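1. Using only what follows, build the 3D model:
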Amino acid sequence: MTDPAVTVPLVTVPLVTVRGLRKRYGRALVLDDLDVTFGAGVTGLLGRNGAGKTTLLRCLATTLAPDAGEIRALGFDPATRSGRSGVRRRLGYLPQDPGFYPHFTAFETLDYVAILKEMTDRRERHREVWRVLSEVGLDDRARTKVRKLSGGMRQRLALAQALLREPGLLVLDEPTVGLDPEQRLRLRALVSRLGENRTVLLSTHQTEDVAALCERVLVMDAGRILFDGTPAGLAAVATGRVSLGDDRPGPGSLFWRTADGRYRTIGEAPAGAVAADPTVEDGYLLLVGRTEGAA
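-> Next up, the predicted model:
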């Protein structure tokens, strides 16, 4: 396997710092002495299920306390009561499974969350609710009850509540779930703009979103960081290990038949195959060892 040399991007202003973070669920070690720093910009987190991505995001979002280690976010220590309050006032969090009151309208849902975020001036609060509804393209559904919204609309509503009050730290766990291609493109444009002046952490299984959106990508596995660098650097992990050929590869390789009838192989190139340009997905699969015996 290609040696996953770590390429560390520039982090000019460390807005979030994690040191020695550990978390267990029973006997399973989910975060293993994790050290990482985040500055302004969009960082993507990739990893198989159980790699520790969601646990890390929950710790940063102050909904889960680590067993050991420390976090500093936006100048606050979330291990203290006052520090947690300070982070939460400046945090936008989209969890994997956001829960809503089904009989609330979209507007009422966001108005309620805005009150929880200490927006006490009614006129200012309503103006902010309309702003985030427009940002996610739900202003025409403001008076629709949550139970009548489609899955994709609920996901956009969850994103809207995370955007309330212009958070300095935006934590998004699988934000593109349930979105159609047009909505995903709109989300990319929105997150890209938000990342210009704040810290955005984006956990996803969509490698194309990482390639299109993130300046930086982390690959996690077993509670540790295997790679920290740019999407181009992750793709480069697969340099010389991706090929195209006319003949079907033998067992033990990861391959698929492309639209033009050729076979794309990740790993050992079959006889007669020619080298192909690697992608972020190729580098990720090689890094986490998902190509062995796949076919």
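2. ok, which stretches of the stretch 151-295 of the chain are strands?
-> Under the criterion DSSP state E, counting those that start in this stretch, the stretch 151-295 of the chain contains strands at 169-173, 199-203, 216-221, 224-229, 242-245, 254-257, 263-266, 274-275.
3. Please list the residues outside the first one that contact it.
-> I take that to be strand 169-173. With CB atoms under 8 Å, 6 or more residues apart in numbering as the test, strand 169-173 has contacts from 15-16, 53-54, 57, 60-61, 73-74, 87, 90-96, 159, 162-163, 191, 194, 198-203. Backbone N, C-alpha and C define where each C-beta goes, glycine included.
4. low pLDDT regions in the stretch 1-150 of the chain?
-> Counting by pLDDT under 70, the stretch 1-150 of the chain contains low-confidence residues at 1-14.
5. Sketch out the helices for it, chain order is fine.
-> Applying DSSP state H, counting those that start in this stretch to the stretch 1-150 of the chain gives helices spanning 53-60, 81-89, 106-116, 122-135.
6. which residues does Leu57 contact?
-> For Leu57, the contacting residues are 45, 171, 173, 201, 203, taking CB under 8 Å, 6+ apart as the criterion.
7. thinking again about what came up before, right, and the helices of the stretch 1-150 of the chain - which one's nearest Ile225?
-> Closest to Ile225 of the helices of the stretch 1-150 of the chain is helix 53-60 (CB to CB; 9.6 Å).
8. Count the neighbours of Arg154 for me.
-> Using other CB atoms under 10 Å, Arg154 is surrounded by 19 other residues.
9. Helices of the stretch 151-295 of the chain, residue ranges please.
-> For the stretch 151-295 of the chain, helices defined by DSSP H, counting those that start in this stretch occupy the ranges 151-163, 181-194, 207-213, 231-236, 280-287.
10. Least reliable of those helices by average pLDDT, please.
-> Across the helices of the stretch 151-295 of the chain, helix 181-194 has the smallest mean pLDDT, namely a mean of 86.
11. nearest to Gln155, of the strands of the stretch 151-295 of the chain?
-> Closest of those to Gln155 is strand 169-173, at 10.7 Å (criterion: CB to CB).
12. Walk me through which strands that closest one pairs with, and which way each runs.
-> The pairing partners recorded for strand 169-173 under DSSP bridges are strand 91-94 (parallel), strand 199-203 (parallel).
13. Bridged to Leu29, which residues?
-> Arg24.
14. From Val280, how far off is it?
-> 27 Å (CB to CB, to the nearest Å).
15. How about the contacts made by Val217?
-> Contacts of Val217 (CB under 8 Å, 6+ apart): 43-46, 210, 227-231, 234, 280.
16. now for the contacts of Leu57, which pair is the farthest apart?
-> Pairwise distances among these were taken by CB to CB; the largest, 10.1 Å, belongs to Leu45 and Val171.
17. Quick check on Leu29 and Val280: which one has the bigger neighbour count.
-> Val280 (27 against 16).
18. Can you give me the separation between that one and Val237?
-> Distance of Val280 to Val237, given as CB to CB: 9 Å.
19. Which one, of the helices of the stretch 1-150 of the chain, ends up nearest to Glu268?
-> The closest of those to Glu268 is helix 53-60. By CB to CB, the value is 29.6 Å.
20. Would you mind writing the CA trace of the closest one as CSV?
-> This file holds the C-alpha atoms of helix 53-60, laid out as CSV (Å, rounded to 0.1, in the frame of the first residue of the first chain):
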residue,chain,number,x,y,z
LYS,A,53,-16.0,11.2,13.2
THR,A,54,-19.3,11.8,14.8
THR,A,55,-17.9,11.3,18.3
LEU,A,56,-15.3,14.0,17.6
LEU,A,57,-18.0,16.4,16.3
ARG,A,58,-20.2,15.8,19.3
CYS,A,59,-17.4,16.6,21.6
LEU,A,60,-16.7,19.8,19.7
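21. out of the contacts of Val217, who's nearest Arg122?
-> The closest of the contacts of Val217 to Arg122 turns out to be Thr43 (CB to CB; 35.9 Å).
22. That concludes my questions; thank you for your assistance.
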